[in-house]
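[1] predicted structure and sequence below. I'll ask about it afterward.
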Amino acid sequence: MGPLHDGLYLGLISGTSADGIDAALVRFEGARCALVRGDTFRWEPALRTRLVALGQGGDAKSLDELGALDVQVAEAFAQAASQLIASARIDPRDVRAIGSHGQTIRHRPAAAHPFTWQIGDGNVIAERTGIDVVADFRRRDVAAGGQGAPLVPAFHAALLHDANESRAVLNLGGIANFTLLPAHGAVRGFDTGPANALMDAWCERHHGTPFDAHGAFAASGRIDEALLARLADDPWFSLPPPKSSGREQFHLDWVATHLRGDERPEDVQATLLDLTARTVADALRAHQPDTTRVLACGGGVHNPVLLARIAQRLPGVHVESTSAHGLDPDFVEAMAFAWLAREAIAGRPGNLPAVTGAKGPRVLGVLYPRN
């Protein structure tokens, strides 16, 4: 690799929960990477409400609305990038490229005409920041027959693989997903089901807060075993990998179809938390039963009740944060899209066909030059 592909890159992502734009400024030197600075920038509330509604299956009011949202999201992403660069006291000209995931508003890889759609126009981000932008990472993988997700496993494999033990990286975002890193053998990865998306939405409805701080709401309730069984019986959980999901699959209307109507809100919260723990544990036992260590990242790392329940369901497996291995759990995904931008500029594939189901390795992302 020539020096052209080393240096500073910036990654941007707003995940399934749409709780904010994660921005990470990353320095790459060969196989090494270091987080220079990371921050999360909150969405304007009305815009977030609209994005969440679209992401969980709502229809756009018009093509004009979609076009405007594409630009609004891009403007917010560009502002996040510029603010992060300024706070790090970095000259924007020293940033080689921005990798922007965008905001997913629909993900249909199993449709008759498969597609995935992330908005946040790369042209606007490049124009506002004066930096080259790589965006639209997922659609090439879908065009090649893949799920378009998860894309972060290649980054996990590059930084966290250990030839002495079988590991799994667990991202607890809106949706939970695994990267399986066997000591010897092919890397695999897939979504396991809902994580923060359902718990956050239920908490917001019944507590008026956007998330369950420290899992206190769930801890105040009791697991409804009958409800848990009904939720876990959804056919999606039995699908074999490769598979991916989002808010359009797991949302509060989906929860409502499994309720009898007399449940206490705190008991539902406790049950949704255990649904995440159960489906995560079931997936790991089914697909990499010799795992000795789970490295957790994403917003769910800050929910000690959730982590403790996952550990309880995985006896003999050491569950810890990626921070123990030098990766800030809040910015692993943003760092991954900085890395994917670097791979795209270098002309290297960014997907893992064994993870996404694509026909083969593909260079992911479209370059939007700064001028």
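    Nice, I can see it.

[2] name the residues of the helix or strand containing residue 226 that come out as buried.
    For residue 226, the host element (DSSP states H and E) is helix 225-232. Along helix 225-232, these residues count as buried under the neighbour rule (16 or more other C-beta atoms under 10 Å): 227, 228, 231, 232. All C-beta spots, glycine's among them, are computed from the backbone N, C-alpha and C.

[3] need the pLDDT of the residue of the chain most remote from its centre.
    For the chain, the C-alpha farthest from the mean C-alpha position belongs to residue 262; by C-alpha atoms, centre = their mean, that distance is 33.3 Å. On pLDDT, residue 262 comes in at 95.

[4] likewise for residue 210?
    The per-residue pLDDT reported for residue 210 equals 89.

[5] distance of the residue lying closest to it once chain neighbours are set aside relative to residue 198?
    By the measure of C-beta to C-beta, 6 or more residues apart in numbering, the closest residue to residue 210 outside its immediate chain neighbours is residue 204, 5.5 Å from it. Summarising the geometry, the distance separating residue 204 from residue 198, computed by C-beta to C-beta, to the nearest Å, is 11 Å.

[6] neighbour count for these two, which is higher?
    More neighbours sit around residue 198 than around the other of residue 204 and residue 198, counting by other C-beta atoms under 10 Å; the figures are 26 against 15.

[7] next structured bit after the top helix by length along the chain?
    Secondary structure assigned by DSSP state H gives helix 63-87 as the longest helix of the chain. On the C-terminal side of helix 63-87, the closest following helix or strand by DSSP H and E is strand 95-108.

[8] lowest average confidence, helix or strand, in the chain?
    Of the helices and strands making up the chain, the lowest-confidence element is helix 45-55, at a mean of 90, by mean pLDDT, DSSP states H and E.

[9] and that helix, what does it pack against?
    Other helices and strands packing on helix 45-55, by 3 or more C-beta pairs under 8 Å, 6 or more residues apart in numbering; DSSP states H and E, are helix 63-87, strand 95-108.

[10] how far off centre is it?
    Here helix 45-55 shows a centroid-to-chain-centroid distance of 17 Å under the convention C-alpha atoms, centre = their mean, to the nearest Å.

[11] of all the residues in that helix, which ones are buried?
    Neighbour counts using 16+ other C-beta under 10 Å place 47, 48, 50, 51, 52, 53, 54, 55 of helix 45-55 among the buried residues.

[12] these two touch, right, the fourth one and residue 58?
    No - here residue 51 does not reach residue 58: they are 9.8 Å apart, not a contact under C-beta atoms under 8 Å.

[13] walk me through the domains of this structure.
    For the chain, whose domains are defined here by automatic domain parsing, the residue ranges read 3-149+341-368, 153-325.

[14] and residue 334, which of the ones you listed is closest to it?
    Smallest distance to residue 334 across those (C-beta to C-beta): 3.7 Å, for domain 3-149+341-368.

[15] just to revisit the earlier point, for the residue farthest from the centre of the chain, which three-state class applies?
    With DSSP: H, G, I helix; E, B strand; the rest coil as the basis, the three-state label of residue 262 is coil.

[16] got the phi and psi for it?
    Summarising the backbone geometry of residue 262 under the convention degrees, to the nearest 10, its torsions are phi -110, psi 10.

[17] count of residues packed around the spatially closest residue to residue 47 that is not a sequence neighbour?
    Closest residue to residue 47 in three dimensions, ignoring its sequence neighbours and counting by C-beta to C-beta, 6+ apart: residue 72, at 6.0 Å. When neighbours are defined as other C-beta under 10 Å, residue 72 has 20 of them.

[18] distance-wise, check residue 72 relative to residue 166.
    To residue 166, residue 72 is 44 Å away according to C-beta to C-beta.

[19] what of residue 142?
    Applying C-beta to C-beta, one obtains 29 Å for the distance of residue 142 from residue 166.

[20] more neighbours: those two, which one.
    Taking residue 142 and residue 166 together and counting by other C-beta under 10 Å, residue 142 has the greater number of neighbours (23 against 17).

[21] which of the helices or strands spans residue 341?
    Per DSSP H and E, residue 341 falls inside helix 332-346.
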